[in-house]
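**Student:** With the sequence up front, the predicted model follows.
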Amino acid sequence: MLNVGQLNEGVVLDHIEAGKSMQIYKYLKLDKMDCCVAIIKNAHSNKMGKKDIIKVECPIDQLDLNVLGYIDHNITVNIIQNATIVDKKELKLPKQLVNIIHCKNPRCITSIEQELDQVFLLTDPEKEVYRCKYCEEKYRSSRKNNR
């Protein structure tokens, strides 16, 4: 059995869909942060069968929870202090995404004005549909498309 060290201070992202941890690593820009990160892939889970877990040794305010909410709002976010879980954050679909997804409409102003932020607004929470702020191009979460 694999034994990963105890986390004294930081954040544990649990119940990540198996195979999604590297995508989350990229979106959270953990490679650019100066902190210790442990990624556990395909861990056994009674609830999910298999799951991924990410342990990050940094304060919660350094992580973009909007990105996590967009990727999968069912991820459990545990705040660790003195090697104990002191809080759990509930994720929600963010109402707005900035520079996380990109507009595919070639006529959109963001295709021409490269320095403009890519802004998408949540227009249908049930179907997880976002629309470009500028041209209203529809973008559906890939998670929802796979269901």
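**Tutor:** Sure thing, it's come through.

**Student:** for this protein, which spans come out with low pLDDT?
**Tutor:** Applying pLDDT under 70 to the chain picks out residues 1-5, 141-147.

**Student:** And the residue nearest the centre of this protein?
**Tutor:** Compute the mean C-alpha point of the chain, and by CA atoms, centre = their mean the closest residue is Leu68, 2.2 Å away.

**Student:** So which residues of this protein form strands?
**Tutor:** When secondary structure is read from DSSP state E, the chain shows strands at 10-17, 37-45, 49-56, 76-81, 84-89, 96-98, 119-124, 129-132, 138-140.

**Student:** Look up the closest residue to the residue of the chain positioned farthest from its centre, ignoring the ones flanking it.
**Tutor:** Most distant from the centre of the chain: Arg107, at 28.6 Å, with distances by CA atoms, centre = their mean. In space, Arg107 comes closest to Cys135 once its chain neighbours are excluded; the distance is 6.9 Å by CB to CB, 6 or more residues apart in numbering. Heads up, the C-betas are built off the backbone N, CA and C, glycines and all.

**Student:** Kindly reformat the strands of the chain as JSON lines containing distance to Tyr25 and mean neighbour count.
**Tutor:** Formatted as JSON lines, those follow (distance: least, CB to CB, whole Å; neighbours: other CB atoms under 10 Å):
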{"stretch": "strand 10-17", "distance to Tyr25": "10", "mean neighbour count": "20"}
{"stretch": "strand 37-45", "distance to Tyr25": "7", "mean neighbour count": "14"}
{"stretch": "strand 49-56", "distance to Tyr25": "7", "mean neighbour count": "20"}
{"stretch": "strand 76-81", "distance to Tyr25": "15", "mean neighbour count": "17"}
{"stretch": "strand 84-89", "distance to Tyr25": "18", "mean neighbour count": "12"}
{"stretch": "strand 96-98", "distance to Tyr25": "18", "mean neighbour count": "15"}
{"stretch": "strand 119-124", "distance to Tyr25": "22", "mean neighbour count": "17"}
{"stretch": "strand 129-132", "distance to Tyr25": "22", "mean neighbour count": "20"}
{"stretch": "strand 138-140", "distance to Tyr25": "22", "mean neighbour count": "15"}
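
**Student:** Once you drop chain neighbours, what's closest to Lys88?
**Tutor:** In space, Lys88 comes closest to Asn78 once its chain neighbours are excluded; the distance is 5.7 Å by CB to CB, 6+ apart.
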